[in-house]
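[1] Below are the sequence and a predicted model for it; my questions follow.
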Amino acid sequence: MPLLQARGLSKRYGGICALDDVSLDIHRGEIYALIGPNGAGKTTFFDVLTGFCTPDAGGIVFDRVVLARGEVRAVAARGIARSFQNARLFDDLTAFENVLIGHHGRLAAGALDALLRGRRTREEEARAAAFARHLLDYVGLGEHAGTLAEALSYGDRRRLEIARALAAGPLLLALDEPAAGMNPSESAALATLLRRIRADGTTVLLIEHDMPLVMGLCDRMAVLDAGRKIAEGTPAAVQGDPAVIEAYLGRGRHGG
Ligand SMILES: Nc1ncnc2c1ncn2[C@@H]1O[C@H](COP(=O)(O)OP(=O)(O)OP(=O)(O)O)[C@@H](O)[C@H]1O
């Protein structure tokens, strides 16, 4: 059974159909890309998936659990971590502290325990700190643990955001344009990191406009255009699909 099954998702904003009856499956252990021209509905799909907005119709099954509309926010707790188009970091905290915050939701000890600084809490905090250090090494930021987020380069900020998302221990890592603004060597390092995340068992969903990157990286992809899914399959299959070529080139657009 797929990790995620989206069925018949629709979302309107006034007269605009941002999502129009979109269904797709994401399998465990794959890198799945969502592509399409500007305004195609990619971010809206992420918003629905992560509970930022409620679909007008349709539903999602994630990790075998049917999520009723309006309950989608519970998904985050069930294992979807998201990064945003513009990294949302705490600029005045260090890289280490930013990752620790990502882990916070997983700490089991309650607020009272934390107040009393019980042994269990201290042990959990020590484990969280060790895990945060591990994640910083994992994304290649080990040397920057004590650096304020605001002092990091653009590419490093994006990687810190990924480390923070991983700190929540997600089954699905959903990344909104992770390579946007990166130079070619940063993009190559990102691709290596995402392959490693996949190899280590986390499923990856990404929105990405960098076609060479996404074509070389993802296992399967869906193409959205004006809210509709117009193609789905391997990069090779999608690349040659006439509907996709029309969506990108037929109207003089360049993939946005
Ligand atoms: N909160 C909102 N209110 C009104 N319209 C919205 C809202 N969010 C999205 N839309 C509209 O829905 C459509 C789909 O937008 P969406 O951001 O999902 O597209 P996208 O594929 O992510 O585009 P891009 O590649 O430019 O980020 C667009 O026409 C957009 O203007």
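    Ah, there it is.

[2] just the helices in the chain please.
    Under the criterion DSSP state H, the chain contains helices at 42-49, 74-78, 95-104, 111-116, 119-138, 154-167, 184-199, 211-217, 235-239, 242-245.

[3] okay, the shortest one in CSV with CA atoms only?
    Extracted C-alpha coordinates of helix 242-245, given in CSV (Å, rounded to 0.1, in the frame of the first residue of the first chain):
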residue,chain,number,x,y,z
PRO,A,242,2.7,15.8,-25.4
ALA,A,243,0.4,17.3,-22.7
VAL,A,244,3.4,18.2,-20.6
ILE,A,245,5.2,19.8,-23.5
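
[4] contact partners of stretch 228-245?
    With CB atoms under 8 Å, 6 or more residues apart in numbering as the test, stretch 228-245 has contacts from 20-24, 36, 41, 214-216, 218-225, 247. Placement of C-beta: from N, CA and C, glycine included.

[5] Contact residues of this protein facing the ligand?
    By CB under 6 Å from any ligand atom, the residues of the chain that approach the ligand are 13, 16, 18, 36, 38, 39, 40, 41, 42, 43, 44, 256.

[6] would JSON lines of those with distance to residue 92 and neighbour count be doable?
    Shown next, in JSON lines, are the residues of the chain next to the ligand (distance: CB to CB, whole Å; neighbours: other CB atoms under 10 Å):
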{"residue": "13", "distance to residue 92": "34", "neighbour count": "11"}
{"residue": "16", "distance to residue 92": "37", "neighbour count": "12"}
{"residue": "18", "distance to residue 92": "35", "neighbour count": "26"}
{"residue": "36", "distance to residue 92": "36", "neighbour count": "27"}
{"residue": "38", "distance to residue 92": "33", "neighbour count": "10"}
{"residue": "39", "distance to residue 92": "34", "neighbour count": "16"}
{"residue": "40", "distance to residue 92": "36", "neighbour count": "25"}
{"residue": "41", "distance to residue 92": "35", "neighbour count": "26"}
{"residue": "42", "distance to residue 92": "31", "neighbour count": "26"}
{"residue": "43", "distance to residue 92": "27", "neighbour count": "18"}
{"residue": "44", "distance to residue 92": "32", "neighbour count": "23"}
{"residue": "256", "distance to residue 92": "33", "neighbour count": "12"}
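
[7] Can I get these in JSON lines including pLDDT and distance to residue 235?
    Formatted as JSON lines, the residues of the chain next to the ligand follow (pLDDT from 0 to 100; distance: CB to CB, whole Å):
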{"residue": "13", "pLDDT": "95", "distance to residue 235": "30"}
{"residue": "16", "pLDDT": "94", "distance to residue 235": "29"}
{"residue": "18", "pLDDT": "97", "distance to residue 235": "25"}
{"residue": "36", "pLDDT": "93", "distance to residue 235": "14"}
{"residue": "38", "pLDDT": "89", "distance to residue 235": "21"}
{"residue": "39", "pLDDT": "92", "distance to residue 235": "22"}
{"residue": "40", "pLDDT": "95", "distance to residue 235": "17"}
{"residue": "41", "pLDDT": "96", "distance to residue 235": "20"}
{"residue": "42", "pLDDT": "96", "distance to residue 235": "16"}
{"residue": "43", "pLDDT": "94", "distance to residue 235": "21"}
{"residue": "44", "pLDDT": "95", "distance to residue 235": "23"}
{"residue": "256", "pLDDT": "43", "distance to residue 235": "18"}
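
[8] pLDDT score assigned to the residue lying closest to residue 206 once chain neighbours are set aside?
    Using CB to CB, 6 or more residues apart in numbering and skipping the chain neighbours, the partner closest in space to residue 206 is residue 175 (4.4 Å). The score at residue 175 is 94. That number is its pLDDT.

[9] thought residue 175 was touching residue 204?
    Yes: if you go by CB atoms under 8 Å, residue 175 and residue 204 touch, sitting 6.9 Å apart.

[10] list residues touching both of the two?
    Common neighbours of residue 175 and residue 204, using CB under 8 Å, 6+ apart, are residue 194.

[11] got the domain boundaries for the chain?
    Listed by automatic domain parsing, the domain ranges of the chain are 1-79+171-256, 91-169.

[12] Quickly, which of those bottoms out on average pLDDT?
    domain 91-169 (a mean of 84).
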